[in-house]
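In: Provided below are the primary sequence and the corresponding predicted coordinates.
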Amino acid sequence: MNTFLLQRLTFLAVLPLCTLIVVAAAGAAEPAATPDAPASAAQAPEAAEEGAHRHHRFDWHHHRDSNGHHPHGNDRVNIGHDSNLPHGETADSVVSIFGSSTIDGEAGDVVSIIGDTRVTGDVSDSAVAVLGNAYIDGKVDGDAVTVFGNMELGPHAEIDGDVVAVGGTVQRDPAAVVHGDVHNVLGSIGGVDWLRTWVRHCLLYARPLALAPGLGWAWGLAFAFLALYAGLALLFSEGVTRCVHTFETQPGRSVLAALITMLLTPVLVTLLFVTVIGIAAVPFVVFALFCAGLFGKAVMLAWLGGRVTGKQGVGSMSHPAVAVLIGGALVLVLYLVPVLGFLVYKLLGLLGLGAVVYTVILAARTHQAAKEAPSSSTGPPGSSASPGLAGAPSTRREAPLSGAAPSTRREAPFSGAAPPIDAAQTAGGAQASSAAEAPDPRGPAPAAAAPHAPPPPPITAALPHAGFWIRMGALLLDALLVGFLMGVLHVYHLELPVLAAYGAMMWKLRGSTIGGIVFDLRVVRLDGREIGWETAIVRALACFLSLAVAGLGFFWIAFDDHKQAWHDKIAGTVVVRVAKGAPLV
């Protein structure tokens with residue numbers, strides 16, 4: 001993306017807002033009509049003169065509209081630069097976006113957005129400055145308007161229309177002539193030079209910061225947010241560390257979680273508004289996302305700082321707050337680079353949000369697994385095997401069947417270490433040593449096995465089948481992703497074929513779509529074979545049959561004993577729920 005394209009996009013974003021502001025200001029400037037009050041004889045000439053002036057302006061507009069252009073036939077539009085119309089030159093209109101306009105010749109109308117307007121020549125329409133000041137010392141047939149700026153009328157100023165200052169002051173020379181009214185709306189709220197400086201030196205170069213005079217407030221704001229991120233790392237160091245670990249070990253799923261959050265947030269807010277009752281929850285949802293974004297920025301700065309310092313940090317240098325400060329210093333330098341500065345800013349927010357959201361998802365899964373663990377690990381009464389190691393050989397040596405008193409030794413929990421030595425073994429001395437050298441008539445004792453996690457069960461049709469609602473949630477997520485992609489590519493009326501092709505490809509390559517990966521679902525064949533292209537294509541085409549009869553083929557999942565849709569029965573497949581954390585990609 002080059003600077004010119006960024007300027008064009010900024011112009012398209014700002015111009016409608018500025019137009020609404022100008023229209024509102026002009027509407028506020030119109031004097032209230034009083035049809036009931038009779039016009040006096042003294043007011044009649046002034047009304048006739050005002051009507052003549054407005055008739056002149058309307059006739060001038062009509063001439064321009066009927067021919068498509070002014071008699072001069074030229075417009076001057078500059079984006080990011082100043083416009084200058086010298087004495088003796090003419091222009092239909094002079095427009096400056098992120099720049100100032102200086103008129104010493106003859107122009108139709110003059111508009112400056114985030115810039116100043118200076119008129120010392122003749123303007124046959126209006127002179128407008130949005131987020132800027134206006135100085136008029138010439139002839140203006142229309143209105144003179146400033147929005148969040150100051151208006152100054154010189155001794156040679158003559159305004160046929162009204163003078164309007166929204167959020168600014170009006171300074172009028174005693175010799176200035178104003179045929180209309182003077183309106184000061186909202187009073188003076190201060191200048192906006194700070195904003196224009198940031199637009200000129202930062203926004204037009206697609207970077208958040210720059211080394212230029214007048215940007216001290218921007219640097220102060222940046223350091224204030226950096227201090228906030230460091231404070232979050234101090235208060236919630238464990239949470240920051242866990243989120244950093246999630247991003248390092250699961251970067252792909254963190255990015256996916258961020259994209260899904262951005263796509264589903266408008267849907268969720270819309271649904272809350274539709275339900276009416278959920279409107280009260282909208283502020284909490286927005287606030288939660290805002291907090292997640294702030295915390296995500298702290299996480300990404302800590303990750304960057306950790307990448308710079310490495311893993312050798314000890315003591316205070318290993319604290320996440322120190323990593324945040326180091327990463328923040330690096331990011332502030334990157335903010336100075338044109339285009340790259342805004343890219344870094346947006347990427348940090350996106351990746352940080354994904355890391356936080358996916359860490360919350362993993363924490364919820366862990367909590368759910370901990371609740372289910374006691375019921376799944378309970379063994380039969382009298383079983384001595386530890387949970388998760390049922391069937392493993394025991395390392396305890398049985399005591400000899402003699403008349404000796406039973407041993408008072410307590411059995412240590414299984415940890416892979418050697419069993420403790422009891423009192424009888426220590427009293428035996430050398431006899432125990434020689435007996436240990438003799439071969440055991442029962443054979444060698446089995447070696448203690450090192451603890452390890454059991455292998456995940458194979459993904460087959462024997463796993464629990466997915467129900468209707470979770471499958472519809474995965475399908476909705478896939479539909480949103482495909483619809484978003486089609487909207488970006490400006491391709492319409494092909495959503496269903498593209499969704500079917502996407503599903504067939506993902507079923508063949510990964511056994512699940514992106515929505516299925518999020519909800520831990522997997523499509524498997526009933527006969528245990530891998531899904532081939534023919535099975536994936538048949539299943540995708542059969543989805544149209546499930547949808548054709550008012551979606552009855554999909555609703556069949558809720559009533560079928562094996563939770564199969566029509567396309568599952570045709571293709572000989574079933575959707576199963578895999579274990580939490582089982583690799584699907």
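Out: Here it is on my side, so go on. Residues are numbered from 1 along each chain as shown.

In: and the gap between residue 194 and residue 251?
Out: Using CB to CB, to the nearest Å, residue 194 is found at 38 Å from residue 251. Yep, even glycine has a C-beta here, placed from its N, CA and C like the rest.

In: where's residue 129 relative to residue 145, distance?
Out: The span separating residue 129 from residue 145 equals 7 Å under the rule CB to CB.

In: Looking at these two, which has the bigger crowd around it?
Out: For residue 129 against residue 145, the residue with the higher neighbour count under other CB atoms under 10 Å is residue 129, and the figures read 32 against 27.

In: pLDDT (mean, whole number) over stretch 140-156?
Out: Per-residue pLDDT over stretch 140-156 has a mean of 87.

In: Which of the residues in that stretch are classified as buried?
Out: With burial defined by 16 or more other CB atoms under 10 Å, the residues of stretch 140-156 counted as buried are 140-154.

In: can you name the two of those residues that are farthest apart?
Out: Greatest spatial distance in the buried residues of stretch 140-156: 141 and 148, 24.5 Å, computed using CB to CB.

In: where do the helices sit along the stretch 451-585 of the chain?
Out: With DSSP state H, counting those that start in this stretch as the criterion, the stretch 451-585 of the chain has helices at 468-488, 495-509, 514-518, 533-548, 552-555, 566-571.

In: So which of those helices is nearest residue 82?
Out: Taking CB to CB as the criterion, helix 468-488 is the member of the helices of the stretch 451-585 of the chain that comes nearest to residue 82, at 36.1 Å.

In: Would you mind getting the angle between the closest one and helix 495-509?
Out: 120 degrees (axes from the mean of the first three to the mean of the last three CA atoms, to 10 degrees).

In: as a whole number, average confidence for helix 468-488?
Out: What helix 468-488 shows for mean pLDDT is 86.

In: Can you list the buried residues in it?
Out: Of all the residues in helix 468-488, those buried under the rule 16+ other CB under 10 Å are 468, 470, 471, 474, 475, 477, 478, 481, 482, 486.

In: pretty sure the second one contacts residue 518?
Out: No - in terms of CB atoms under 8 Å, residue 470 does not count as a neighbour of residue 518; the distance is 10.3 Å.

In: mind listing the helices for the stretch 101-250 of the chain?
Out: Residue ranges of the helices in the stretch 101-250 of the chain, as given by DSSP H, counting those that start in this stretch, are 193-201, 216-235, 237-249.

In: between these, which gets the lowest average pLDDT?
Out: helix 193-201 (a mean of 77).

In: got the buried residues for the helix or strand hosting residue 326?
Out: For residue 326, the element it lies in under DSSP states H and E is helix 320-334. The neighbour-count check on helix 320-334 (16+ other CB under 10 Å) flags 320-328, 330-332, 334 as buried.

In: repeat for stretch 164-183
Out: Going by 16+ other CB under 10 Å, stretch 164-183 has these buried residues: 164, 165, 166, 167, 168, 170, 172, 176, 178, 180, 182, 183.

In: So what touches stretch 237-247?
Out: Counting by CB atoms under 8 Å, 6 or more residues apart in numbering, stretch 237-247 makes contact with 232-233, 254, 295-296, 298-300, 302-303, 306, 319-321, 324, 351, 354-356, 358-359, 362-363, all of which sit outside it.

In: To clarify, my last question referred to stretch 469-483.
Out: When contacts are defined by CB under 8 Å, 6+ apart, stretch 469-483 is touched by residues 259-260, 263-264, 267, 495, 498-499, 502-503, 513-516, 518-519, 521, 554, 557, 565, 575, 577.

In: now with 6 Å?
Out: Applying CB atoms under 6 Å, 6 or more residues apart in numbering, the contact partners of stretch 469-483 are 263, 495, 498, 499, 502, 513, 515, 516, 519, 521, 575.

In: ok, the last one - how many residues close by?
Out: If I follow you right, that is residue 575. Counted by other CB under 10 Å, the residues lying close to residue 575 total 24.

In: OK, contacts around it?
Out: Counting by CB under 6 Å, 6+ apart, residue 575 makes contact with 466, 471, 521, 523.

In: And the first one, its phi and psi?
Out: So the one you mean is residue 466. Residue 466 adopts backbone torsions of phi -80, psi 140, taken as degrees, to the nearest 10.

In: How about residue 94?
Out: Here the main-chain torsion angles of residue 94 (degrees, to the nearest 10) amount to phi -130, psi 120.

In: In this structure it contacts residue 84, no?
Out: No - contact criterion CB atoms under 6 Å: residue 94 and residue 84 do not qualify, at 8.8 Å.
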